[in-house]
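J.: Dropping a prediction and its sequence here:
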Amino acid sequence: MAKLTLTEIWIYPIKSLAGIRVQQATVKQKGLEHDRRFMLVDEGGRFFTQREHPHMALFSVSIANDQMTIESKTSKRNLTIELKPNGGKPLSVQIWDDKVDAREVDPVYSNWFSQELKITCKLIYFPESNLRDVDPRYAGANEQVSLADGYPCLIIGQSSLDDLNNRLEVPIPMKRFRPNFVFAGGAPFEEDDWKNFKIGKNRFAAVKLCARCVLTTVDPDTGIKGKEPLVTLATFRKKENKILFGQNLLPIDYDEVREGDEIELC
C-alpha cells in the first residue's frame, strides 16, 4: 500500500473568507482550533458566503499573538480583532437550516465589513461552549460542529485534484475546495472509501462525501465566478444529483496534527 502523508493543513477563521495554511493545528470537537468560529451575517442573522457574495474571497486573513488580522485586497484597509472575543451582544443566527446562539463581536467591526462589502452585515463569533449538532444521520455520538457547512473537518487527496486537473483546460488550485487536510500518496479519490483512519496520533471517522456547489467556481484570487470545475466534475463525479469531491470527517481524538504526519487506515 502506498504511503499516505499529510502535506497541508488549512483553517478558515471567518467562514467564506480566505484560509490560512498552518504547519500544525489542535483538533477540537468542533473541528480544528480557530476554524470557522467567526461568520458574517445579514441584518436578519442569515449567513453570508461566496455563493452569493463572491467578492468575500478578496479578504486575506492572518493570525499572530492571539489576534486575527483581516485585510481587504480591494481597499488595502485592515482590521485586527481578538481570536477569542469577550462579551458581545447575544443573537440568534442561521446557517443553512440550523439556528445557533452567537455573539456580535463589536458593531465597529460589523461596520468595517459593511463598508468593505457595500452591504449591511454583522461579524459574529461562535463560542466553543455553544452548541451546533452534526447531522444526526451521520453523527456517531452527538458530535458538534463549528460554522462549517456541516462537518468538523474535510480531507482531499492531492491525487484526486491531479486527476481533475488532467481533465480541465486550465488547472485549478486545491484552495478552491477549502479542505482542512490535503494528503499525498495513494490513488485518485481513494478517500471516498475511507472509514476510520489516523493522522499521526489523532483518529478520525470518514462519514460523508462532500457535495460541491458554486462556491468552487469562484476564483479565490480575483473573486470572479466561472463555470469550472463543476461542469467537468459533473461528467464523472455526479451521484444522486450531487457533485462529490472530498470526504467529510468527525474527529475521535483531540490531539495535535502536523504537516508530515503519516496517515494510517484502521
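T.: On my side now, so go ahead. All values derive from a computational prediction rather than experimental measurement.
J.: Tell me which residues are up against stretch 104-121.
T.: Stretch 104-121 is contacted from outside by 38, 40-43, 48, 53, 55-56, 59, 72, 74-75, 77, 79, 81, 85, 88-89, 91, 122-125, using C-beta atoms under 8 Å, 6 or more residues apart in numbering. Quick note: C-beta positions are derived from backbone N, CA and C, even for glycine.
J.: For ChimeraX, write a command that selects the buried ones of those residues.
T.: Command for ChimeraX that selects the buried part of those, burial taken from 16 or more other C-beta atoms under 10 Å:
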select :38,40,41,48,53,55,56,59,72,79,81,85,88,122,123,124,125
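J.: Strands of the stretch 151-266 of the chain, residue ranges please.
T.: 153-157, 181-184, 196-199, 202-211, 238-239, 242-251, 256-258, 262-265 (DSSP state E, counting those that start in this stretch).
J.: so which of these comes closest to residue 21?
T.: strand 181-184 (9.5 Å; C-beta to C-beta).
J.: quick one, which of the strands of the stretch 151-266 of the chain is packed in tightest?
T.: Burial of those is given as mean neighbour count (mean count of other C-beta atoms under 10 Å); strand 153-157 ranks first at a mean of 24.
J.: I'd like the mean pLDDT over it, please.
T.: The average pLDDT for strand 153-157 rounds to 98.
J.: What separates the first and last residues of stretch 231-246, distance-wise?
T.: The first residue of stretch 231-246 is 17 Å away from its last residue (C-alpha to C-alpha, to the nearest Å).
J.: residues making contact with that stretch?
T.: 154-156, 160, 164, 167-168, 177, 179, 191-192, 209-212, 216, 230.
J.: mind checking the SS state of residue 92?
T.: strand (DSSP: H, G, I helix; E, B strand; the rest coil).
J.: Enumerate every residue touching it.
T.: Neighbouring residues of residue 92 by C-beta under 8 Å, 6+ apart: 45, 99-102.
J.: ok, of these, which come out buried?
T.: Buried residues within the contacts of residue 92, counting neighbours by 16+ other C-beta under 10 Å: 45, 100, 102.
J.: between those, which is closest to residue 20?
T.: residue 102 (21.3 Å).
J.: Show the subsequent helix or strand relative to the helix or strand hosting the closest one.
T.: Per DSSP states H and E, residue 102 falls inside strand 98-104. Per DSSP H and E, the first helix or strand lying C-terminal to strand 98-104 is helix 107-117.
J.: what ranges of the stretch 151-266 of the chain fall below the confidence cut-off?
T.: Regions of the stretch 151-266 of the chain meeting the criterion pLDDT under 70 are absent.
J.: How confident was the prediction at residue 1?
T.: Note for residue 1: predicted pLDDT of 65.
J.: The one 10 residues further on now?
T.: For residue 11, the pLDDT comes out at 98.
J.: ok, residue 83 - contacts?
T.: Contacts of residue 83 (C-beta under 8 Å, 6+ apart): 13, 34, 63, 66-68.
J.: quick one: strands adjacent to the strand holding residue 102?
T.: strand 89-95 (antiparallel), strand 122-125 (antiparallel) (DSSP bridges).
J.: Now do the helices in this protein.
T.: Under the criterion DSSP state H, the chain contains helices at 107-117, 158-165, 230-233.
J.: Which strands or helices does the second one pack on?
T.: Put plainly, it is helix 158-165. Packing partners of helix 158-165 (3 or more C-beta pairs under 8 Å, 6 or more residues apart in numbering; DSSP states H and E): strand 181-184, strand 242-251.
J.: Mind doing that once more with 10 Å?
T.: strand 4-11, strand 181-184, helix 230-233, strand 242-251 (3 or more C-beta pairs under 10 Å, 6 or more residues apart in numbering; DSSP states H and E).
J.: would you list these in JSON lines and tack on distance to residue 140?
T.: Below are these laid out as JSON lines (distance: least, C-beta to C-beta, whole Å):
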{"stretch": "strand 4-11", "distance to residue 140": "23"}
{"stretch": "strand 181-184", "distance to residue 140": "19"}
{"stretch": "helix 230-233", "distance to residue 140": "29"}
{"stretch": "strand 242-251", "distance to residue 140": "6"}
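J.: Which one of those lies nearest to residue 150?
T.: Minimum separation from residue 150 across those (C-beta to C-beta) falls at strand 242-251, 6.9 Å.
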